[in-house]
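Participant: Just to be clear, the model below is a prediction. Sequence and coordinates:
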Amino acid sequence: MGLGLEIGLPFVAFRKPNEQVLTAIFQSNANLNITKDFEDNGFVFAPFSLNEGVVLIQPDEVFQTHVLFESEVKNKELVISEDGQKEHIELVEKGIQAIQSGELKKVVLSRKIDLKISKNPIQIFKDVLGNYPNAFCYFFHHPKVGTWCGATPETLVRIKDGQLKTMSLAATLPYEENKQPEWGAKEIEEQQMVSDHIKDSLGNLMEDLIIEKAESIRAGKLWHLRSEVKGVPLPNTSLSEIINSLHPTPAVCGIPTKVAQDFILQNENYQRTYYTGFLGELNLWAPKEASLFVNLRCMELSSNHAAIFVGGGITAGSVPEQEWIETQNKSKTMLGIL
Ligand SMILES: C=C(O[C@H]1C=CC=C(C(=O)O)[C@@H]1O)C(=O)O
């Protein structure tokens, strides 16, 4: 991995949720490959706005090895900067107004936290692997794109042997030791909205679609509500149709999708680039197979700087100050590592 960074060639290393296999994919030239139809094979790294170009790392060399990282980072109390609070609260207020006016039902609003770092990137990735065993953990580098690292709890879509799996993910509460989360009506409704949206957008591409009951899942120091979704795509449905029906999910964009995406692009105070895009294996081991994850709980790294990206779903019942605190809590996933 260090070598890839030194010689400036594209590579990615990743471990899937609850697995112990680390896969590394290396491209042997520095070309910026863009996939348009998801027919290529390799590792995709997609931005939030797909028209910015979905990057593909060609699998010129692929390695796999068993790893067992269990390095819990000492849980020192994090002091988190309050910079950006006013702007974020104003943004959330604007989102709530758009919901009240009937334009939107839900919108996910986010921000970027910049900080100086001195930690070595390899150690950062080892700590991500050691601390988030049930997340999709990755380290991505492309000389023409940048260096990203993350531990995401959200699957965009997994397709194998003609079976499709995805998830409806929403709502956040802080994790407290020996305590189960107590979800309120707002969170339950927020997650149900996501399940209904998946049913509407994916349903007509599927022979059947099963959406399981919502359950609490832990993602580091947070809880979320999640329903597993599975089914069989209709014959001749392309990967591209499936991906385009799911991305951007209401966990990162909103409802209705197009109105929420336009609201985000016009109102957020920065460019998301690859945060809330997606990434993962595409036709890598067999055709029509994909294992894609939403790029959440992630950061962009450069020599002595990190940018952490955090957001939260806004609905009619949201309270701006609480939404600010939620983004502060989400930032701990990556801040705790740095
Ligand atoms: C947008 C993010 O989280 C999403 C995923 C799970 C729960 C969320 C929420 O409670 O708002 C968000 O939709 C983020 O972590 O930056």
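Facilitator: Sure, I can see it.
Participant: ranges for the helices of the protein?
Facilitator: For the chain, helices defined by DSSP state H occupy the ranges 2-7, 85-100, 121-131, 185-202, 239-246, 257-267, 320-335.
Participant: Can you say which of those is nearest to A286?
Facilitator: Closest to A286 of those is helix 239-246 (CB to CB; 12.0 Å). (C-beta placed from N, C-alpha, C; glycine too.)
Participant: helices or strands up against that closest one?
Facilitator: Packing contacts for helix 239-246, counted by 3 or more CB pairs under 8 Å, 6 or more residues apart in numbering; DSSP states H and E, involve strand 155-160, helix 185-202, strand 290-294.
Participant: which bits of the stretch 151-300 of the chain sit near the ligand?
Facilitator: Neighbours of the ligand within the stretch 151-300 of the chain, by CB under 6 Å from any ligand atom: E154, L169, A170, A171, T172, H224, A251, V252, L296, R297.
Participant: Per-residue pLDDT of the second one, please?
Facilitator: Looking at L169, its pLDDT reads 95.
Participant: since we're on it, how many residues are nearby?
Facilitator: Here the count is done by other CB atoms under 10 Å, and L169 has 26 residues near it.
Participant: cool, the last one as well?
Facilitator: Counted with other CB under 10 Å, the neighbours of R297 add up to 28.
Participant: And for the third one?
Facilitator: A170 sits with 28 neighbouring residues when counted by other CB under 10 Å.
Participant: Please name the nearest non-neighbouring residue to it.
Facilitator: Closest residue to A170 apart from its sequence neighbours, by CB to CB, 6 or more residues apart in numbering: Q191 at 4.1 Å.
Participant: can you tell me which residues contact that neighbour?
Facilitator: By CB atoms under 8 Å, 6 or more residues apart in numbering, Q191 lies in contact with S168, L169, A170, A171, A214, L225, R226, S227.
Participant: Then L282?
Facilitator: T35, F38, D40, N41, G42, F43, V44, L56, L239, A290, L292.
Participant: let's see 6 Å
Facilitator: Each residue near L282 by CB atoms under 6 Å, 6 or more residues apart in numbering is listed here: V44, A290.
Participant: Can you tell me who it pairs with across the strands?
Facilitator: Counting by DSSP bridges, L282 is bridged to G42, A290.
Participant: Also V55?
Facilitator: V55 has the following beta-bridge partners by DSSP bridges: I34, F45.
Participant: Tell me how far it lies from F139.
Facilitator: Distance, V55 to F139, by CB to CB, to the nearest Å: 15 Å.
Participant: Repeat that for L222.
Facilitator: Plainly put, L222 is 22 Å away from F139 if you go by CB to CB.
Participant: Neighbour count for these two, which is higher?
Facilitator: Neighbours were tallied for L222 and for F139 using other CB under 10 Å; the higher tally belongs to F139 (25 against 20).
Participant: Identify the residues contacting that one.
Facilitator: By CB under 6 Å, 6+ apart, F139 lies in contact with A13, F125, C149.
Participant: What is the lowest-pLDDT residue among these?
Facilitator: The member of those with the lowest pLDDT is F125, at 94.
Participant: Without its sequence neighbours, what residue ends up closest to that one?
Facilitator: F139 is the one closest to F125 (CB to CB, 6+ apart), at 4.2 Å.
Participant: Bridged to the one you found, which residues?
Facilitator: Counting by DSSP bridges, F139 is bridged to A13, C149.
Participant: buried ones in stretch 137-144?
Facilitator: C137, Y138, F139, F140, H141, H142 (16 or more other CB atoms under 10 Å).
Participant: so the first one sits right up against G150, yeah?
Facilitator: No - the pair C137 and G150 fails to qualify as a contact (CB atoms under 6 Å) at a distance of 7.3 Å.
Participant: which stretches of the protein have low pLDDT?
Facilitator: Within the chain, the stretches with pLDDT under 70 are 1-7, 71-78.
Participant: repeat that with 80
Facilitator: Within the chain, the stretches with pLDDT under 80 are 1-7, 68-79.
Participant: Tell me the spacing between the residue of it positioned farthest from its centre and the ligand.
Facilitator: Relative to the centre of the chain, and counting by CA atoms, centre = their mean, the farthest-placed residue is S101 at 29.0 Å. From S101 over to the ligand the distance is 21 Å, taken as CB to the nearest ligand atom, to the nearest Å.
Participant: give me every residue that touches G317.
Facilitator: Residues near G317 by CB under 6 Å, 6+ apart: K186.
Participant: State the number of residues packed around I243.
Facilitator: Number of residues near I243 (other CB under 10 Å) recorded here: 22.
Participant: From the ligand, how far off is V310?
Facilitator: Noted for V310: a distance of 5 Å to the ligand, by CB to the nearest ligand atom.
Participant: in the sheet, who's paired with that residue?
Facilitator: Beta-bridge pairing for V310 (DSSP bridges): R111.
Participant: what's near enough to touch it?
Facilitator: T327, K330, S331.
Participant: Also P320?
Facilitator: I89, V92, E93.
Participant: quick one: the first one and A260, what's the gap?
Facilitator: The spacing between I89 and A260, counted by CB to CB, is 19 Å.
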